[in-house]
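Q: got a predicted model here, sequence first, then my questions.
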Amino acid sequence: MAEFLSLHDAVARFVEDGATVAMEGFTHLIPFAAGHEVIRQGKRDLTLIRMTPDLIYDQLIGAGCARKVIFSWGGNPGVGSLHRLRDAVEQGWPRQIEILEHSHAAMACAFEAGAAGLPLAVLRGYVGSELPSVNDQIRFIDCPFTGERLAAVPSVRPDVTIVHAQKADRAGNVLVEGIVGVQKEAVLAAAKSIVTVEEVVDDLTAEPDYHPNACIIPGWAIAAIAVAEKGALPSYAHGYYPRDNRFYKEWDAIARDRDAFTQWIDENVMNAGGNA
Amino acid sequence: MSLDYSSAEMMTVTAARALENGMTCFVGIGLPSEAANLARLTHAPDVVLIYESGTLQTRPQVLPLSIGDGELAESALTTVAVQEMFRYWLQGGHIDVGFLGTAQIDRYANLNTTLIGDYREPKVRLPGGGGAPEIATNAGEVFITLKHSRRAFVKDVDFVTTLGFGRDGKGRDGVPNIGKGPTRVITDLCVMKPDPETRELVVVSLHPGVSREDVSDATGWEIRFADELEHTPEPSARELEILRELKERTARAHSGQ
């Protein structure tokens, strides 16, 4: 059964130095508040998994939390580069990081395989791509039935997954709506999971807009729930607030410069008293 | 009467015209998204646009800044999980056209969105593959659109993120269950298609006012021209009007107004 904790306590209890952490949310519902809490608590040597590192991992990388990043598309969507990711890869600032890159299809399949308890994911992928030459976690197998050559990648099994969602109810069940990404798969693939939510309602199934096929993650499959209002900003929460596209554009200038970045983290994360 | 338009508008309109009504199109962000939505708002109202964020049959009023803007989910027929998008809808064979952009492209239409320089010591680290490696092989065919320059059009890409026809043009030969690959490349100067034998890109159509020299100067290899070189038709007044309105709505929305 999910335990209701403060965001501080949830991160302190479940995110250990050196852990493998997946903070998912495909452009939508990115758990920024939780990411900032990880930065505030000074977690180190994390292996960070995310299909699209986005600004959240740019911030964690720049703040020195990451040892390794596993991803499939590392840009600022519609804007350009993730400059902190680039600076770490190109110049080793603030520390050298290891990267392991996939395609979206492979990573999505790897999350699904993790949720399914399988050791690997199989896909018709990476044909003719040179990614397998730089990522030894991409292999090829022959289908035992047809002989077709298929790509195989290990499943994703994070120590802890952190996602953001719209609502939880008192029993800890969580509703995810809109672009659902690989949220459910990431939670089920992990040993432990933290879900931050916009609000807590009494009973999700008694809500007026509840429907039988809603994407609900049962409370007994989640370790901890923490309320984090506007916890996905500058990404968005469908039905609550829109994506702050202007901030995504402004981030380009902030992240380009090490000092401007450090100042931004100091002002908006370190000294934000758990509210950012 | 000749209309006043930019080379960027010429590129978008030409790319939009490549899409036929009723096609299912897996849309990349940026220029492909602009072209695909222009097609939907003009000659192809029933084109089915699909974005990798899981939004199926989406009809955005403004262009998304990211591949997962709320606008895409709100205007979609349905929104599915990302692995369903790649496994069922793309790998399952439901996509006619993958519409992609790129940072670098070579003479065999291989795409590089990974890095410039050497992998372990990159000069410029680019975002990476995203959906492209599987879109390019699992979609029926691939359209590519990007601005023409020597920096982008290189003889050999630094890294093959996404297969065109391979380093020797034979990368798809004998591979089962693979799409046709790139069938056209649309730039702000011209349209190119792969040679049916060698798979090397050949200019088949020049945009109005563009010379062979303009294209050669902006291409990093000795580009060939088709024997029967065509002239790309100009944008119509209606296409330009709808494109400009779309971009104006988009700019307003993204500046937070």
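A: That came through, no problem.

Q: only C-alpha atoms from now on, for both contacts and neighbour counts.
A: OK.

Q: next, the buried residues of the top helix by length along chain B.
A: Among the segments of chain B that qualify as a helix by DSSP state H, the longest is helix B:237-254. Residues of helix B:237-254 classed as buried: B:239-240, B:243, B:246, B:250, B:253-254 (neighbour count, 16 or more other Cα atoms under 10 Å in any protein chain shown).

Q: can you lay out those as TSV showing distance to chain A and pLDDT?
A: Output for those, formatted as TSV (distance: Cα to the nearest Cα, whole Å; pLDDT from 0 to 100):
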residue	distance to chain A	pLDDT
B:E239	24	98
B:L240	23	98
B:L243	18	98
B:L246	16	97
B:T250	11	93
B:A253	9	88
B:H254	6	83
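
Q: and the longest helix of chain B, what does it pack against?
A: Here helix B:237-254 touches helix B:7-18, helix B:31-41, going by 3 or more Cα pairs under 8 Å, 6 or more residues apart in numbering or on different chains; DSSP states H and E.

Q: now do it: everything it contacts.
A: By Cα atoms under 8 Å, 6 or more residues apart in numbering or on different chains, the residues outside helix B:237-254 that reach it are A:245-246, B:3, B:5, B:9, B:13, B:38, B:41-42, B:61-65.

Q: the chain: helices as residue ranges?
A: Since no chain was named, I'll use chain A. A:7-14, A:32-40, A:54-62, A:83-91, A:104-115, A:183-189, A:245-256, A:258-265.

Q: meant chain B actually
A: Using DSSP H, the helices of chain B run over B:7-18, B:31-41, B:70-74, B:82-84, B:132-138, B:212-217, B:237-254.

Q: which of the ones you listed is buried the deepest?
A: Mean neighbour count (mean count of other Cα atoms under 10 Å in any protein chain shown) peaks for helix B:132-138 among these, with a mean of 29.

Q: tell me what it is packed against?
A: Helix B:132-138 is packed against strand B:97-100, with contacts defined by 3+ Cα pairs under 8 Å, 6+ apart.

Q: parallel or antiparallel, list what pairs with the strand it packs on.
A: Paired with strand B:97-100 in the same sheet, following DSSP bridges, are strand B:24-27 (parallel), strand B:141-145 (parallel).

Q: so which of the ones you listed is the most packed in?
A: Comparing those by mean neighbour count (mean count of other Cα under 10 Å), strand B:24-27 ranks first with a mean of 27.

Q: surely A:C109 meets B:A81?
A: No: using Cα atoms under 8 Å as the test, A:C109 is too far from B:A81 to be in contact (11.0 Å).

Q: between these two, which one's more packed in?
A: Neighbours were counted for A:C109 and for B:A81 using other Cα atoms under 10 Å in any protein chain shown; A:C109 has more, 27 against 21.

Q: quick one on the thing from earlier: kindly reformat the helices and strands packed on helix B:237-254 as JSON lines containing mean pLDDT and distance to chain A.
A: Listed next are the helices and strands packed on helix B:237-254 as JSON lines, based on pLDDT from 0 to 100; distance: least, Cα to the nearest Cα, whole Å:
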{"stretch": "helix B:7-18", "mean pLDDT": "98", "distance to chain A": "17"}
{"stretch": "helix B:31-41", "mean pLDDT": "97", "distance to chain A": "10"}
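
Q: now those helices in JSON lines, with distance to B:V185?
A: Shown next, in JSON lines, are those (distance: least, Cα to Cα, whole Å):
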{"stretch": "helix B:7-18", "distance to B:V185": "9"}
{"stretch": "helix B:31-41", "distance to B:V185": "11"}
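
Q: select, out of these, the one closest to B:M192.
A: helix B:7-18 (11.5 Å; Cα to Cα).
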